[in-house]
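Asker: No sequence on hand, only this structure:
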């Protein structure tokens with residue numbers, strides 16, 4: 001009989017188990033293990049007992065205390081076998097007696113290496129545990145119960161979720177969140193049925209409601225036509241898509257050793273962090289002519305994601321979310337589903353983060369890794385200019401994808417790191433899920449005589465305008481650590497007949513400008529025709545070009561909020577699409593280390609104002625992928641994936657086309673096999 005879906009899934013599970021069983025974590029950039037999370041919790045809990053009713057210890061963030069870069073590079077270059085072990089340390093942000101503590105734990109000696117009380121503005125990541133506790137408070141709060149009753153709703157069908165409240169000029173702030181509630185009767189699409197007009201403020205340190213109002217501005221929208229689960233949908237159905245397959249009879253073309261992945265001409269390390277989610281490190285590409293691996297990327301990850309909504313009214317003005325720094329791109333990672341989130345040839349890896357008690361939480365199938373072939377062409381040419389000959393050479397383009405999905409409330413964010421044999425790295429960003437919707441009083445656009453700050457999607461349902469800005473941290477080490485940032489501006493030149501004796505009147509030329517300091521490297525894309533490169537000024541090709549990598553932006557979006565608006569002060573890292581800064585281990589988070597209720601006094605823009613030298617230095621490239629989202633009815637009740645991204649592409653890095661000698665893969669017919677059970 002033909003192989004069933006169950007057998008395919010069984011094969012994947014066995015393969016993953018085999019790979020995981022053989023993984024030994026010896027790399028200094030490996031994420032913390034469950035055993036290490038438990039050790040951190042034990043060590044810290046002994047020093048901060050919570051026997052007092054006023055002493056509450058919570059773990060807001062636990063992650064690897066990344067070793068110094070030079071230490072890692074020395075470890076990599078060491079010829080000794082086995083390599084010298086670098087001490088393992090964890091960095092912890094904990095809340096204790098209403099203070100934020102920064103604690104470094106030496107896992108090698110099982111001791112606390114340092115402790116510091118954070119005195120600045122802002123607060124650490126929220127944890128799922130405290131969010132869950134906050135959402136339970138309204139159901140026992142009499143004013144809220146009355147609000148639900150006067151709307152004619154069933155309290156048992158009401159669910160709530162938390163929203164950060166931002167900063168709007170207050171001198172002092174507390175750890176407060178807004179709790180918003182929804183009605184789930186008749187639908188699982190809770191975001192389509194908000195209880196508009198109710199404001200609930202919860203103090204997370206006290207874990208109690210400290211503010212409440214009900215303005216009853218609009219009825220709860222109906223649940224009609226909001227369903228999205230396949231088991232609940234009714235005919236007629238859309239077109240039936242025929243299946244496809246990418247068959248690898250000899251198994252995956254990549255190797256996983258711990259967290260190090262080798263594929264084709266690439267080698268890199270995959271890590272994971274509670275705040276950042278996936279981290280790609282030590283990416284090197286093999287140069288066939290030089291017969292060696294050459295450095296490309298030391299470390300890369302999503303540093304911050306800003307989602308500001310464009311409704312300035314009482315119930316919405318504060319909805320300006322910093323998803324990495326407030327909610328954590330890692331701890332919100334979803335378990336990927338075989339054969340739907342990822343293709344049949346994918347291999348899966350788990351990830352771990354800590355809960356508020358410091359215990360490890362497993363995310364099964366947090367990563368999927370797979371070779372992708374979608375019929376793309378790596379390179380081709382058909383030559384018909386030679387008499388009596390037609391020459392056609394084509395190479396199919398196969399790449400390796402490392403995928404994760406983070407679900408932050410109503411939105412699902414798909415992050416793809418795609419490695420290409422040509423030496424390119426493509427970053428893909430996909431957005432799906434539910435729109436953030438508010439209740440309105442309209443059933444047709446003809447009725448609207450006021451600003452509604454969005455699009456009427458259905459009866460009494462408005463999708464609010466908003467942005468998505470994802471800022472990537474890219475510590476590029478192009479053929480070494482000392483790099484420069486070069487703007488190759490394309491400038492129009494006028495010519496006359498006297499210049500060349502031809503009727504041409506213009507051409508463009510390349511005018512290269514090397515950024516000396518941080519101010520020189522700030523760029524709003526689209527204002528000039530430019531190519532942006534990170535080059536190694538100390539390395540040249542045989543003909544004299546500086547080796548480098550080019551940033552190829554995707555679609556360009558600029559921040560449109562006023563620069564003095566409070567959310568934009570906090571998100572000043574989106575004032576430019578491109579920034580370059582000298583490497584500094586402490587400067588990882590574009591929004592600053594403490595983002596919740598931050599005041600914008602410690603972020604990428606503030607650091608960049610020092611205007612430090614960046615020429616021929618170890619530098620970091622920051623690039624923001626932006627989307628302005630005007631909701632449409634096609635996005636309702638669940639939106640098709642909206643995609644964007646960018647590419648890092650070798651530019652004079654190789655002496656010639658690095659995939660010239662890639663041989664076309666052998667054609668393999670899908671087997672017509674049977675199994676005897």
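Answerer: Noted; the coordinates are in hand. Treat the numbers as computed from the prediction; the structure is a model and nothing was measured. Numbering: from 1, shown residues only.
Asker: from here on, contacts and neighbour counts on C-alpha atoms
Answerer: Will do.
Asker: Does residue 380 touch residue 659 like I think?
Answerer: No: look at residue 380 against residue 659 with CA atoms under 8 Å: they stay out of range, at 11.3 Å.
Asker: How much space separates residue 232 from residue 187?
Answerer: 10 Å (CA to CA, to the nearest Å).
Asker: what about residue 380 and residue 659, which has more around it?
Answerer: Using other CA atoms under 10 Å, the more surrounded residue of residue 380 and residue 659 is residue 659, with 16 against 10.
Asker: give the contact list for that one.
Answerer: When contacts are counted by CA atoms under 8 Å, 6 or more residues apart in numbering, residue 659 touches 421, 422.
Asker: Tell me how many other residues crowd residue 569.
Answerer: Neighbour tally, residue 569, other CA under 10 Å: 22.
Asker: Neighbours of the residue lying closest to it once chain neighbours are set aside, how many?
Answerer: Using CA to CA, 6 or more residues apart in numbering and skipping the chain neighbours, the partner closest in space to residue 569 is residue 600 (5.5 Å). Neighbour count for residue 600, taken as other CA under 10 Å: 23.
Asker: Pull up the gap between residue 600 and residue 512, please.
Answerer: In terms of CA to CA, residue 600 sits 34 Å off from residue 512.
Asker: can you list the domains in this structure?
Answerer: 3-118, 254-651 (automatic domain parsing).
Asker: In terms of mean pLDDT, which of those ranks lowest?
Answerer: For those, mean pLDDT drops lowest on domain 3-118, to a mean of 82.
Asker: can you pull the contacts of residue 223?
Answerer: Counted by CA under 8 Å, 6+ apart, residue 223 has contacts 185, 186, 187, 189, 192, 193.
Asker: quick one, phi psi at it?
Answerer: The phi/psi pair for residue 223 (degrees, to the nearest 10) reads phi -90, psi 0.
Asker: What helix or strand is the most centrally placed residue in the chain located in?
Answerer: For the chain, the residue nearest the mean C-alpha position is residue 302 (4.2 Å; CA atoms, centre = their mean). Using DSSP states H and E, residue 302 sits in strand 292-308.
Asker: in its sheet, what does that strand sit against?
Answerer: strand 277-287 (antiparallel), strand 320-322 (antiparallel), strand 466-476 (antiparallel) (DSSP bridges).
Asker: Export those as CSV, with columns for mean neighbour count and distance to residue 26.
Answerer: Shown next, in CSV, are these (neighbours: other CA atoms under 10 Å; distance: least, CA to CA, whole Å):
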stretch, mean neighbour count, distance to residue 26
strand 277-287, 22, 15
strand 320-322, 24, 33
strand 466-476, 23, 23
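Asker: I'd like the ones you listed as TSV, with distance to residue 506 appended.
Answerer: Below are these laid out as TSV (distance: least, CA to CA, whole Å):
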stretch	distance to residue 506
strand 277-287	39
strand 320-322	47
strand 466-476	36
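Asker: Indicate which one of those strands is closest to residue 167.
Answerer: strand 320-322 (9.6 Å; CA to CA).
Asker: circling back: if the nearest residue to the residue nearest to the centre of the chain once chain neighbours are set aside is in a bridge, with which residues?
Answerer: Leaving aside its chain neighbours, residue 302 sits nearest to residue 472 (4.5 Å; criterion: CA to CA, 6+ apart). Using DSSP bridges, the beta-bridge partners of residue 472 come out as residue 302, residue 623.
Asker: For beta bridges, what are the partners of residue 320?
Answerer: Bridge pairing for residue 320 - DSSP bridges - gives residue 308.
Asker: quick one: contacts for residue 202?
Answerer: For residue 202, the contact set (CA under 8 Å, 6+ apart) comprises 134, 176, 177, 178, 179, 208, 209, 210, 211.
Asker: could you say what helices and strands whichever helix or strand residue 349 is part of packs with?
Answerer: Here residue 349 sits within strand 347-354, counting by DSSP H and E. Strand 347-354 sits against helix 5-21, strand 57-64, strand 266-273, strand 360-372, with contacts defined as 3 or more CA pairs under 8 Å, 6 or more residues apart in numbering; DSSP states H and E.
Asker: quick one on the thing from earlier: which of residue 232 and residue 187 has more neighbours?
Answerer: residue 187 (19 against 8).
Asker: Now do the contacts for the more buried one.
Answerer: Taking CA under 8 Å, 6+ apart, one finds 223, 224, 226, 227 in contact with residue 187.
Asker: ditto for residue 328
Answerer: Residue 328 touches 125, 126, 274, 275, 276, 277, counting by CA under 8 Å, 6+ apart.
Asker: Report the contact partners of the residue nearest to residue 553 when sequence neighbours are not counted.
Answerer: Spatially, and ignoring its direct neighbours in sequence, residue 553 is nearest to residue 646 (4.7 Å; CA to CA, 6+ apart). By CA under 8 Å, 6+ apart, the residues touching residue 646 are 426, 427, 428, 551, 552, 553, 554, 625.
Asker: Taking the residues you listed together, which two end up most distant?
Answerer: Among those, 428 and 551 lie farthest apart (CA to CA), at 13.8 Å.
Asker: Give me the contacts around stretch 455-464.
Answerer: 192, 219-222, 309-311, 435-445, 452-454, 465, 630-633, 636.
Asker: Sketch out the helices for the stretch 401-550 of the chain, chain order is fine.
Answerer: Using DSSP state H, counting those that start in this stretch, the helices found in the stretch 401-550 of the chain span residues 497-500.
Asker: on that earlier part again, could I get the contacts of residue 646 in JSON lines, plus columns for distance to residue 568 and neighbour count?
Answerer: Converted to JSON lines, those look like this (distance: CA to CA, whole Å; neighbours: other CA atoms under 10 Å):
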{"residue": "426", "distance to residue 568": "28", "neighbour count": "19"}
{"residue": "427", "distance to residue 568": "25", "neighbour count": "20"}
{"residue": "428", "distance to residue 568": "25", "neighbour count": "19"}
{"residue": "551", "distance to residue 568": "25", "neighbour count": "19"}
{"residue": "552", "distance to residue 568": "26", "neighbour count": "15"}
{"residue": "553", "distance to residue 568": "23", "neighbour count": "19"}
{"residue": "554", "distance to residue 568": "23", "neighbour count": "16"}
{"residue": "625", "distance to residue 568": "16", "neighbour count": "25"}
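Asker: Can you tell me which of these is closest to residue 505?
Answerer: residue 552 (29.3 Å).
Asker: Chain neighbours aside, what residue packs nearest to the closest one?
Answerer: Closest to residue 552 by CA to CA, 6+ apart is residue 647, at 5.0 Å.
Asker: Tell me where the stretch 51-200 of the chain has strands.
Answerer: 57-64, 89-96, 99-106, 111-118, 158-164, 176-183, 198-203 (DSSP state E, counting those that start in this stretch).
Asker: Relative to residue 416, tell me which of those wins on proximity.
Answerer: Closest to residue 416 of the strands of the stretch 51-200 of the chain is strand 57-64 (CA to CA; 22.3 Å).
Asker: okay, the angle between the closest one and strand 360-372?
Answerer: Here the directions of strand 57-64 and strand 360-372 differ by 30 degrees (axes from the mean of the first three to the mean of the last three CA atoms, to 10 degrees).
Asker: Off-centre distance for strand 57-64?
Answerer: 20 Å (CA atoms, centre = their mean, to the nearest Å).
Asker: What strands flank that strand, and is each parallel or antiparallel?
Answerer: As defined by DSSP bridges, the strand partners of strand 57-64 come to strand 89-96 (antiparallel).
Asker: Is residue 248 in contact with residue 346, as I believe?
Answerer: No: taking contacts as CA under 8 Å, residue 248 lies outside contact range of residue 346: 10.8 Å.
Asker: okay, those two: which has more neighbours?
Answerer: residue 346 (21 against 12).
Asker: Could you give the bridge partners of the closest residue to that one other than its chain neighbours?
Answerer: If the residues on either side of it in the chain are set aside, residue 346 comes closest to residue 370, at 4.4 Å by CA to CA, 6+ apart. Assessed by DSSP bridges, residue 370 has beta-bridge partners residue 401.
Asker: give me every residue that touches residue 370.
Answerer: Residue 370 touches 252, 342, 343, 345, 346, 347, 400, 401, 402, counting by CA under 8 Å, 6+ apart.
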